[in-house]
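**Student:** Here is a sequence with its predicted model. Questions after.
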Amino acid sequence: MSAATGKKAVLQLDGKEIELPIYSGTLGPDVIDVKDVLAAGHFTFDPGFMATAACESKITFIDGNKGVLLHRGYPIDQLATKADYLETCYLLLNGELPTAEQKVEFDAKVRNHTMVHDQVSRFFNGFRRDAHPMAIMVGVVGALSAFYHNNLDIEDVNHREITAIRLIAKVPTLAAWSYKYTVGQPFVYPRNDLSYAENFLYMMFATPADRDYKVNPILAKAMDRIFTLHADHEQNASTSTVRLAGSTGANPYACIAAGISALWGPAHGGANEAVLKMLDEIGTVENVAGFMEKVKTKEVKLMGFGHRVYKNFDPRAKVMKETCDEVLGALGINDPQLALAMELERIALSDEYFIKRNLYPNVDFYSGIILKAIGIPTEMFTVIFALARTVGWISHWLEMHSGPYKIGRPRQLYTGEVQRDIQGR
Ligand code: ACO
């Protein structure tokens, strides 16, 4: 619980003074409790929630000015280099990193749930072959709610816990199948002798014709790191969507489908796909200067740059860039798009336009290049983000349901017609 600081903000309203309590968290700015303005007949106005804390949370802390990202207190670069993705999942869900025994038990639990009900596989046939895999994910993850509904009691802590495990385990299967379906290959079933990242790559790239398909360990390590770097990010648009949907008591699988929908947009998780499309459009290093002019005249945005919260640097981007260098080096890939990306980065970081607006590369600027090197098709980039973020979404859903919560119900500044009567009828 947040601590009352004893400090108060005083609001002058219609000649009266309203005292608004101020609370402190463990880190970050104090918050002003504005609930009492309602009794004074006012709403607060903050489109885009730029200055609004919508909940209390113990999961993730971000200091956007200092480029800090902590999960349960641990810096993201330490987690990315000293823990694997499933350990990070355990941490997000439970508040502590697992002991060796807890890790074995947790990994086994996730492995035990990687299969989906066979009926789920039939949903795919309803989609056009050229459907975007994110469209398929919105549908099939939402469809899990039909399989886990009547016997699911969200008030029961054990039911909530198994829901989290099922989602972490099954989303990679559905993600890989959303790709297999669009390329017309048969679904590859999970293999529980493989690690989480290996199993995902196996389901993506193995075929019945290539029975001895082996996952490259360099790629599995990079994949695992990409998952870790995307695991959670505080109250972003998709997480807030999951919380809002969850606040109505809706089925958690449906809530996660809502999160996937919110993530899809190019201003959020869709940016990694947009970065590669942008690099394709620019084509060669010679065209960079002309493209930058278009950015400055606001004809286009430099995708993979800027962030609502990070106004200095994105700490995930730093680790992602290192991983990018490692992977390309290990694979001996000399990707001309990487040279193009580096040139864009160089110009942007030294250009007044970008400096003045605090625009830095975000995590998605580099992740697309690594994913491409791994062999992941561009349309799957945001699906991979969704796969990795599922743990963040469900951790926030669990946190919300572990204590008292209110239905999320924002108000508005109405600027439409005043009341009027229908004329002439
Ligand atoms: N390229 C060019 N200019 C930009 C960019 C960009 N990528 N991002 C912001 N700006 C400019 C804006 O035009 C604005 O300029 P102005 O002051 O002259 O009007 C200024 O920088 C401030 O930008 P806002 O839009 O107010 O910033 P906001 O915090 O609302 O937006 C956002 C953040 C949505 C991420 C934005 O930077 C963007 O669209 N970036 C590109 C998409 C992207 O990479 N998204 C991934 C985010 S990370 C993630 O989801 C994992």
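**Tutor:** Okay, I see it. Residues are numbered from 1 along each chain as shown.

**Student:** use CA for all of it now, contacts and neighbours both
**Tutor:** Will do.

**Student:** List the buried residues of the longest helix along the chain.
**Tutor:** Selection of the longest helix in the chain by residue count, based on DSSP state H, yields helix 157-183. Neighbour-count burial for helix 157-183, counted by 16 or more other Cα atoms under 10 Å, picks out 160, 163-182.

**Student:** ditto for stretch 361-376
**Tutor:** Result for stretch 361-376 [16+ other Cα under 10 Å]: buried residues 361-371, 373-374, 376.

**Student:** and what of stretch 315-325?
**Tutor:** Those would be 315-321, 323-325, for stretch 315-325 by 16+ other Cα under 10 Å.

**Student:** of all the residues you listed, which comes closest to residue 392?
**Tutor:** Each of these was checked against residue 392 using Cα to Cα; the closest is residue 316, at 15.2 Å.

**Student:** that's a helix at the closest one, yeah?
**Tutor:** Yes: assessed by DSSP: H, G, I helix; E, B strand; the rest coil, residue 316 belongs to a helix.

**Student:** What helices and strands are in contact with the longest helix of the chain?
**Tutor:** With contacts taken as 3 or more Cα pairs under 8 Å, 6 or more residues apart in numbering; DSSP states H and E, helix 157-183 sits against helix 100-112, helix 133-147, helix 196-205, helix 381-401.

**Student:** so what does the first one touch, helix or strand wise?
**Tutor:** Judged by 3+ Cα pairs under 8 Å, 6+ apart, the packing partners of helix 100-112 are helix 85-94, helix 157-183.

**Student:** residues contacting the residue in the stretch 151-300 of the chain positioned nearest to the ligand?
**Tutor:** Nearest to the ligand in the stretch 151-300 of the chain, going by Cα to the nearest ligand atom, is residue 268, at a distance of 3.5 Å. For residue 268, the contacting residues are 237, 262, by Cα atoms under 8 Å, 6 or more residues apart in numbering.

**Student:** Does it belong to a helix, a strand or coil?
**Tutor:** coil.

**Student:** now residue 70: how far from residue 147?
**Tutor:** From residue 70 across to residue 147, the span is 35 Å (Cα to Cα, to the nearest Å).

**Student:** oh, I was asking about residue 334
**Tutor:** 46 Å.

**Student:** ok, residues contacting the longest strand along the chain?
**Tutor:** If each strand of the chain is counted by residues according to DSSP state E, the longest one is strand 3-13. Residues from elsewhere that reach strand 3-13 (Cα under 8 Å, 6+ apart): 17-25, 32.

**Student:** now, which of the residues you listed sits nearest the ligand?
**Tutor:** Once Cα to the nearest ligand atom is applied, the member of the contacts of strand 3-13 that ends up nearest the ligand is residue 32, at 21.8 Å.

**Student:** what's around that closest one, how many residues?
**Tutor:** Neighbourhood size, residue 32 [other Cα atoms under 10 Å]: 17.

**Student:** Not counting sequence-adjacent ones, nearest residue to it?
**Tutor:** Once flanking residues are discounted, residue 32 sits nearest to residue 22: 4.6 Å by Cα to Cα, 6 or more residues apart in numbering.

**Student:** Quick one: name the residues of the stretch 301-425 of the chain near the ligand.
**Tutor:** With Cα under 6 Å from any ligand atom as the criterion, the stretch 301-425 of the chain comes near the ligand at residues 301-308, 357, 362-364.

**Student:** Give the buried subset of those as a PyMOL selection command.
**Tutor:** Only the buried entries of these go into this PyMOL selection, using 16+ other Cα under 10 Å:
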select buried, resi 302+303+304+305+306+307+362+363+364
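
**Student:** helices and strands of this protein: which one bottoms out on pLDDT?
**Tutor:** helix 336-350 (a mean of 85; mean pLDDT, DSSP states H and E).

**Student:** If you count neighbours, what's buried in it?
**Tutor:** Of the residues in helix 336-350, those buried (16+ other Cα under 10 Å) are 337-338, 340-341, 343-345, 348-349.

**Student:** Next: stretch 205-219.
**Tutor:** For stretch 205-219, using 16+ other Cα under 10 Å, the buried residues are 205-207, 215, 219.

**Student:** of all these, which two lie farthest apart?
**Tutor:** Between any two of the buried residues of stretch 205-219 (Cα to Cα), the greatest distance is 17.9 Å, for 207 and 219.

**Student:** per-residue pLDDT, the nearest residue to residue 91 once chain neighbours are set aside?
**Tutor:** Leaving aside its chain neighbours, residue 91 sits nearest to residue 97 (4.7 Å; criterion: Cα to Cα, 6+ apart). For residue 97, the model assigns a pLDDT of 98.

**Student:** who's in contact with residue 97?
**Tutor:** Contacts of residue 97 by Cα under 8 Å, 6+ apart are 87-88, 90-91.

**Student:** Is it correct that it falls within a strand?
**Tutor:** No: under three-state DSSP, residue 97 sits outside any strand and is assigned coil.

**Student:** phi, psi of it?
**Tutor:** The phi/psi pair for residue 97 (degrees, to the nearest 10) reads phi -70, psi 150.

**Student:** Run a quick neighbour tally on residue 269.
**Tutor:** 26.

**Student:** how about it, what does it touch?
**Tutor:** 263, 364, 382, 385-386 are the contacts of residue 269 under Cα under 8 Å, 6+ apart.

**Student:** run the last query once more with 10 Å
**Tutor:** 230, 237-238, 260-263, 363-364, 381-386, 389 (Cα atoms under 10 Å, 6 or more residues apart in numbering).

**Student:** In these, find the pair that's most separated.
**Tutor:** 261 and 363 (19.6 Å).

**Student:** on that earlier part again, got the buried residues of stretch 205-219 as JSON lines, with pLDDT and distance to the ligand columns?
**Tutor:** Listed next are these as JSON lines, based on pLDDT from 0 to 100; distance: Cα to the nearest ligand atom, whole Å:
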{"residue": "205", "pLDDT": "96", "distance to the ligand": "26"}
{"residue": "206", "pLDDT": "97", "distance to the ligand": "29"}
{"residue": "207", "pLDDT": "96", "distance to the ligand": "31"}
{"residue": "215", "pLDDT": "95", "distance to the ligand": "27"}
{"residue": "219", "pLDDT": "92", "distance to the ligand": "21"}
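
**Student:** Spatially, which residue comes closest to residue 138, not counting chain neighbours?
**Tutor:** residue 257 (5.1 Å).

**Student:** Quick check: which ranges of the stretch 201-350 of the chain have low pLDDT?
**Tutor:** Within the stretch 201-350 of the chain, no range satisfies pLDDT under 70.
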